[in-house]
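have a look at this fold, sequence not included:
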């Protein structure tokens with residue numbers, strides 16, 4: 001993990017994010033399963049992770065990967081500023097035509113239906129008090145691949161905020177995009193994982209808040225609804241004993257599948273772990289902290305749980321790939337993955353742009 005992030009790490013990040021999505025989703029069967037132990041039992045009956053060939057028709061990627069690709073391919077053009085935002089908005093509109101059997105969330109569908117790429121301000125949608133979901137978080141890891149360096153933090157945050165609120169204008173929603181992008185950038189920097197949450201609260205969120213104010217768009221509503229995200233993250237860092245940015249991480253004495261289901265529920269906004277912008281990256285970080293370089297452990301913690309399992313997995317697996325490559329991952333989990341070529345191609349372009 002001490003080696004700098006190479007092109008192979010970038011490709012693994014994009015590819016394994018798609019693999020985690022397909023595995024956590026299991027063609028609708030696991031994303032909506034209310035029991036982590038039941039998912040693990042079904043996995044066992046399938047012969048375990050080593051036996052899974054994640055390919056069509058049984059293992060499609062979900063809306064998460066389609067929209068993550070839309071963000072990545074927009075960033076891969078090298079465009080900046082408003083030109084980039086219109087480009088990404090147009091790709092979200094296009095991506096929504098590829099949702100057969102992929103289960104996009106209500107805020108994503110509503111937001112994209114309101115985008116008018118190419119028209120002045122057409123990448124912004126009206127404030128939506130319900131826009132708290134994980135739809136922005138699950139498609140923003142690639143922003144950290146495009147802007148991985150500490151001195152690019154302003155670019156990372158502004159792109160995450162603006163692309164995030166194309167569908168999730170509520171801060172609990174779009175700040176999830178900031179978290180996913182930031183943690184990915186931190187992973188490329190090889191920053192210690194115990195510092196990531198503190199960096200989110202102390203480095204990124206103040207920039208995001210200042211940016212929203214400077215833009216003058218939906219400022220009052222955003223500020224009114226701002227605090228929950230940071231308060232819940234502070235609660236989580238306290239819970240794990242990493243609020244000062246140092247370990248050791250505090251884990252419950254028992255933390256198997258059933259206990260994790262309950263824990264993730266306690267992270268959540270409405271009892272469905274990983275559904276919201278704050279807790280999808282939170283569960284992803286929790287899984288990464290607990291798994292180290294063990295893919296199977298990462299999947300058990302980050303993909304096979306009650307709740308929005310594909311959205312937590314798409315984030316966790318992207319970051320894990322950036323840290324560890326594909327080492328130790330059964331090749332069947334990714335070799336014939338839907339959209340593999342697009343995922344790897346966008347990774348190559350993002351790597352070139354970021355170096």
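Here it is on my side, so go on. Everything quoted here is computed from the prediction, not taken from an experiment.

give me the neighbour count for residue 257.
Using other CB atoms under 10 Å, residue 257 is surrounded by 18 other residues. C-beta: built from backbone N, CA, C; applies to glycine.

cool, and residue 109?
Around residue 109 there are 15 residues (other CB under 10 Å).

quick check, it in contact with residue 97.
No: Residue 109 is beyond contact range of residue 97, at 11.9 Å (criterion: CB atoms under 8 Å).

how many neighbours does the residue nearest to residue 114 when sequence neighbours are not counted have?
Nearest-residue entry for residue 114: residue 125, 4.1 Å, with adjacent residues in sequence omitted and distances by CB to CB, 6 or more residues apart in numbering. Neighbour count for residue 125, taken as other CB under 10 Å: 23.

separation between residue 125 and residue 112?
9 Å (CB to CB, to the nearest Å).

and if you look at residue 275?
Taken as CB to CB, the span from residue 275 to residue 112 is 18 Å.

check residue 81 too.
Counting by CB to CB - residue 81 and residue 112 are separated by 21 Å.

who has more neighbours, the two?
Between residue 81 and residue 112, counted using other CB under 10 Å, residue 112 has the larger neighbour count: 22 against 11.

correct me if wrong: residue 344 contacts residue 17.
No: using CB under 8 Å, residue 344 makes no contact with residue 17, being 11.4 Å away.

flag the shaky bits of the protein, pLDDT-wise.
For the chain, the stretches with pLDDT under 70 are 1-2.

quick one, strands of it?
Remark: no strands are assigned in the chain by DSSP state E.

anything in contact with each of residue 125 and residue 112?
Taking CB atoms under 8 Å, 6 or more residues apart in numbering as the contact rule, residue 125 and residue 112 both touch 166-167.

quick check: the residue nearest to residue 114 vs residue 169, distance?
Here residue 125 is placed at a distance of 6 Å from residue 169 (CB to CB).

list residues touching both of the two?
Shared contacts of residue 125 and residue 169 (CB under 8 Å, 6+ apart): residue 111.

could you find the closest non-adjacent residue to residue 70?
residue 91 (3.8 Å).

mind listing what the one you found touches?
So residue 91 contacts 70-71, 73-74 (CB under 8 Å, 6+ apart).

what do you get if the cut-off is 7 Å, keeping everything else the same?
Applying CB atoms under 7 Å, 6 or more residues apart in numbering to residue 91 gives the contacts 70, 73-74.

most neighbours, which of those?
residue 70 (26 neighbours).

follow-up on the earlier one: from the contacts of residue 91, which ones fall inside helices?
70, 73-74 (DSSP state H).

export those residues as CSV, with columns for distance to residue 63.
Below are the ones in helices among the contacts of residue 91 laid out as CSV (distance: CB to CB, whole Å):
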residue, distance to residue 63
70, 10
73, 16
74, 16
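
what is the burial count for the closest residue to residue 203 other than its chain neighbours?
Here the nearest residue to residue 203 in space, its sequence neighbours aside, is residue 153; by CB to CB, 6+ apart that works out to 6.6 Å. As a burial measure, residue 153 scores 17 neighbours (other CB under 10 Å).

can you pull the contacts of residue 153?
Here residue 153 is in contact with 203-204, 207 (CB under 7 Å, 6+ apart).

just the buried residues from these, in PyMOL please.
Those of those that count as buried under 16 or more other CB atoms under 10 Å are selected in PyMOL with:
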select buried, resi 204+207
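
now the contacts of residue 153 in JSON lines, with distance to residue 165?
Output for the contacts of residue 153, formatted as JSON lines (distance: CB to CB, whole Å):
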{"residue": "203", "distance to residue 165": "20"}
{"residue": "204", "distance to residue 165": "15"}
{"residue": "207", "distance to residue 165": "15"}
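
and the contacts of residue 153, which is closest to residue 217?
residue 207 (16.1 Å; CB to CB).

give me the nearest residue to that closest one, chain neighbours excluded.
With CB to CB, 6+ apart, the residue lying closest to residue 207 is residue 157, at 4.6 Å.

pretty sure that neighbour contacts residue 212?
No: Residue 157 is beyond contact range of residue 212, at 10.2 Å (criterion: CB atoms under 7 Å).
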